[in-house]
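Enquirer: need a 3D model of the following:
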Amino acid sequence: MEFSIGGFNVKGWMVAVGVPVLSSISGGIYFGYDTLNRFFDAEAGVEEALGGVEDLDGRVGAMDKRVTSVETTAQRTLAETEAALIVRIQTLEQAIADNDVRGLNQKLAQLSTNMTQILEQQKVLLDLRSQVDKATTITSGLGDTLDTLKTEIDDIWKAYDELVDNPL
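Expert: Numbering: from 1, shown residues only. Just a heads-up that it's a prediction; the model follows:
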């Protein structure tokens, strides 16, 4: 088979060889174009990333300033807290010294001894109280009896006095 294009005679075998060659060449051109576009896209991404890195450098600097500020504040707060704790500890030490806490053990021992003696004395007093209650119970009936006896004795003396004045 043979045909004529633009004054050229093209034979069938040329078409059979030319189509795959032209196809390979056009595929290579497309692949090269696509690779070049991807390269440009990657370059733009790298530039964008580098721009982001520069922006990150600014952010890192700001973060460094913030961290430094936080550290300074923390150190100041720590120093203030430490000073307040030292004052409180000194106050406690002074209170302990003023109240003689170390001597409390000896005072507590003396107090314990005194309390033991008080309890013993209280037992004795309770025994005495019960004895007084018993004596009161016994003597309360004696008052009436003594009054009766006194009246009788007075009557006997009156009788003797009358006998002296008026003997039988």
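
Enquirer: packing partners for the helix or strand of the chain with the lowest mean pLDDT?
Expert: Within the chain, confidence by mean pLDDT, DSSP states H and E is lowest for strand 2-5 among all helices and strands, at a mean of 78. On a contact count with 3 or more CB pairs under 8 Å, 6 or more residues apart in numbering; DSSP states H and E, strand 2-5 meets strand 8-11. Backbone N, C-alpha and C define where each C-beta goes, glycine included.

Enquirer: off-centre distance for the strand it packs on?
Expert: Between the centre of strand 8-11 and the centre of its chain there are 99 Å (CA atoms, centre = their mean, to the nearest Å).

Enquirer: in its sheet, what does that strand sit against?
Expert: In the sheet, strand 8-11 lines up against strand 2-5 (antiparallel) (DSSP bridges).

Enquirer: contacts made by the partner strand with the rest, please.
Expert: Here strand 2-5 makes contact (CB atoms under 8 Å, 6 or more residues apart in numbering) with 9-12.

Enquirer: by neighbours, which of the residues you listed wins?
Expert: residue 10 (14 neighbours; other CB atoms under 10 Å).

Enquirer: not counting its neighbours along the chain, what's nearest that residue?
Expert: The shortest distance from residue 10 to any non-neighbouring residue, by CB to CB, 6 or more residues apart in numbering, is to residue 3 (5.8 Å).
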